[in-house]
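**Student:** dropping a prediction and its sequence here:
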Amino acid sequence: MNIEFNKNEDVNKQLVYELKTRLKKIYLGGGEKNAAKQKEKGKLLARERIAYLIDKDTSFLEVGAFTADGMYAEQGGCPSAGVVCGIGYVSGRQCMIVANDATVKAGAWFPMTAKKNLRAQEIAMENRLPVIYLVDSAGVYLPMQDEIFPDKEHFGRMFRNNAIMSSEGIVQISAIMGACVAGGAYLPIMSDEAMIVDKTGSVFLAGSYLVKSAIGEEVDNETLGGATTHCEISGVTDYKHPNDQACLDSIRNIMSMLGAPQNAGFDRIKPAKPKENEEELYGILPENRDKPYEIMDIINRLVDGSEFEEYKKGYGQSIVCGLGRIDGWAVGIVANQRKVVKSKKGEMQFGGVIYSDSADKATRFIMNCNQKKIPLVFLQDVTGFMVGSRSEHGGIIKDGAKMVNAVANSVVPKFTIVLGNSYGAGNYAMCGKAYDPRLIYAWPTAKIAVMGGSQAAKTLLQIQEASLKAKGEVITPEKEAELLKEITDRYDSQTTPYYAASRLWVDGIIDPLETRKVISMGIEAANQSPITKKFNVGVIQT
C-alpha cells in the first residue's frame, strides 16, 4: 500500500460515512413527532411494516431512498417521496414491496412519489415480481395536482399498470393500513387481493367532509368506508384484520402458497468470494475523478474467485469486456478502462474515453452475451466518446451508434453501476437510465452530467460573458473569476450522485461493498422472467 492508496481510502470511506449519515436522516421520514402520532393510533411505521413482513436475516434492496432529496423545500420537504419501495423476500419469494409513509404529509402523493411508484412497478413488471402494496395515503397532494394527475406518466398510470400486471399473471396483494382516498382507492381494489386493518384502515372515493359538501349526507369515515363496511356490506375488501401485525402475517401466509415462478435459465453455481480483498476498493478509486487507475483492480474485487475471462484483451483497450461470476451468477462485464493505454498501432488511448475500436469490441461482446443468454453488467466511469479529426475520419459516430444500438436492443437483463464519471453519450453507450437497465445504482464517487464540470463551466462562462458584454458591461479579471466560481459551483452541485438519486436517474447510492449484493439480487429477480424477445439489432452500418 502507498500514500496515494491510503489517501483514496480515507476519502472514499468518508464519502460512505456521509452516505450512511444521510440515509439515517431519511429513514426518520417525517420526523419523531409525526411518527408518534402514527404510534398513538396503534400503527407500525412504513419501515417497521417492511421489517416485520420480510423474512428474517434476508436482505432488503431499497429502490429510491433518496428520491425527492433536497426537493419541495417550499412544501417542507418530502423524504423518500413519502413512500418506501424495494425488493425483499416474503415466505422465501422475492417481491416488490411498496409502503406509503404516513409520517410524510400523511402519505400524500407528490410528483416524485408518482415517478417512484411507477419505477417500482416497472421493476416488478420487467422481472415478474409479485407486488405487495402497504397502503396508507391521503391521496394526491392537491397544491401540486397539475404536476401529478393527468399526464401519461402521472398518478393514473399506476392503475393502468395494476390492470396490465393482473392480466399478465403478476400477483398483487394490497393491505389498507390507513387512509386510502379518492383515486388512490383504485390501487388496492385493482390488486388481486385486498385486506384491511380494522379501525385504522379506510377506503372511499370521497371522505365524510366531501360527501357532506357534495350531497349533504352526514356520515363518519368508519361507517363510510371502514373495515366492517367493506368486509361485511360492500364486499370491496377480502380480509379484515385487528392490527398491522395480523395483516402482515396474512400476507406472509398467502405468499407461502404461491406457485413457483418460471425460470429464465441464467446460469448459477455455488457462490465464492473474490480472492482479492473487497475492502481495497476504497483505496483503488482515486480521490481526483480525472486520475487514471486500472479497472481490472475493481473487477477482481467484484467477481467470484477474482476470476475473469477477458474478451479481446489486446484490442480496443479503453473498454474492458469479459466473463465472470458474481455471487455464483454468470455475467458479462463491460467496463471503462481508466488508465492510459497504448494500442497495437502505437496510439495512446486516454482513460475513460470510448474509441472506435473499443466501441466495436463492446458491440460484439454484447451481441455474444445475448447469444449465450448471459446477463450484462456495465461498470461506468466514462467521459464520453473520443473527439477530433482523426476520430471523426475513422467513423467514431458510426462505431458509437453500433454500440448504442446493441445496448438498446439487448434482451438479456442489464445492470449498471456508476463508479465515477458518467458524461455525455458515454452514459448512453454504457447503459444509462434511458437504456432500461433492470437496476442502476451509483457509488458515492459518481458524477452524472452532459460533460465534465470544468469544460461545462468554461463554455457557460463564455456564453454569460458574451451576454454581459452585449449589454455594455466590462468584464474584469476579478469579475470573470467570480462568475466562473459561481457557474462551476452551480454545475457541480447538479452532477452529484445525490442530485441524480433525488430525481431517480439512478435507483440509489450504495457503499461499493454492496455492489455484489445488488447485482446478485437483481439477477435473481430477472431469472423469474423468461426472455421472450429475440435479439435483433436492426440496421447497423458496417
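**Tutor:** Cool, got the structure. Numbers count the residues shown, from 1 in each chain.
**Student:** got the buried residues for stretch 84-100?
**Tutor:** 84-91, 93-100 (16 or more other Cβ atoms under 10 Å). Using the backbone N, CA and C atoms, a C-beta is placed for each residue, glycine as well.
**Student:** closest one to Lys116 out of those, please.
**Tutor:** Comparing the buried residues of stretch 84-100 against Lys116 with Cβ to Cβ places Cys85 closest, at 6.2 Å.
**Student:** with adjacent residues omitted, what lies nearest to the closest one?
**Tutor:** Ala120 (4.1 Å; Cβ to Cβ, 6 or more residues apart in numbering).
**Student:** just the element for the one you found, please.
**Tutor:** helix 111-127 (DSSP states H and E).
**Student:** what's the angle from the following helix or strand past that helix to helix 111-127?
**Tutor:** Using DSSP H and E, the helix or strand that directly follows helix 111-127 along the chain is strand 131-137. Orientation check (axes from the mean of the first three to the mean of the last three Cα atoms, to 10 degrees): strand 131-137 against helix 111-127 gives 160 degrees.
**Student:** rewinding a little: list the buried residues for the helix holding Ala120?
**Tutor:** Buried positions in helix 111-127, judged by neighbour count with 16+ other Cβ under 10 Å: 111-121, 123-127.
**Student:** distance of Ile374 from Arg301?
**Tutor:** In this view, Ile374 and Arg301 are 21 Å apart by Cβ to Cβ, to the nearest Å.
**Student:** these two touch, right, Ile298 and Pro286?
**Tutor:** No: using Cβ atoms under 8 Å, Ile298 makes no contact with Pro286, being 11.6 Å away.
**Student:** these two - which one has more neighbours?
**Tutor:** Legend: neighbour count by other Cβ atoms under 10 Å for Ile298 and Pro286, higher for Ile298 (25 against 19).
**Student:** contacting residues around the more buried one?
**Tutor:** For Ile298, the contacting residues are 281, 284-285, 335, 379, 419, by Cβ atoms under 8 Å, 6 or more residues apart in numbering.
**Student:** ditto for Ala525
**Tutor:** By Cβ under 8 Å, 6+ apart, Ala525 lies in contact with 87, 94, 123, 127, 129, 438.
**Student:** before we move on, what about Met125?
**Tutor:** Shown in contact with Met125 (Cβ under 8 Å, 6+ apart): 161, 164-165, 168, 170.
**Student:** sorry, back to before: between which two of the contacts of Ala525 is the distance greatest?
**Tutor:** Checking the contacts of Ala525 with Cβ to Cβ, the most distant pair is Gln94 and Arg438, at 12.6 Å.
**Student:** what's the distance between the residue nearest the centre of the chain and Pro497?
**Tutor:** The residue lying closest to the centre of the chain (Cα atoms, centre = their mean) is Asp507, at 1.3 Å. Asp507 sits 11 Å away from Pro497, going by Cβ to Cβ.
**Student:** next one: Lys471
**Tutor:** 37 Å.
**Student:** between the two, which is the more surrounded one?
**Tutor:** Pro497 (25 against 6).
**Student:** right, and that one touches Ala449 too?
**Tutor:** No: counting by Cβ under 8 Å, Ala449 is not a contact partner of Pro497; they are 11.3 Å apart.
**Student:** and the closest residue to Asn277 other than its chain neighbours, how many neighbours does it have?
**Tutor:** In space, Asn277 comes closest to Arg301 once its chain neighbours are excluded; the distance is 7.0 Å by Cβ to Cβ, 6+ apart. Number of residues near Arg301 (other Cβ under 10 Å) recorded here: 22.
**Student:** per-residue pLDDT of Arg301, please?
**Tutor:** pLDDT, Arg301: 98.
**Student:** distance of it relative to Lys291?
**Tutor:** Using Cβ to Cβ, Arg301 is found at 18 Å from Lys291.
**Student:** okay but His154 is in contact with Ile148, surely?
**Tutor:** Yes: using Cβ under 8 Å, His154 makes contact with Ile148 at a distance of 5.3 Å.
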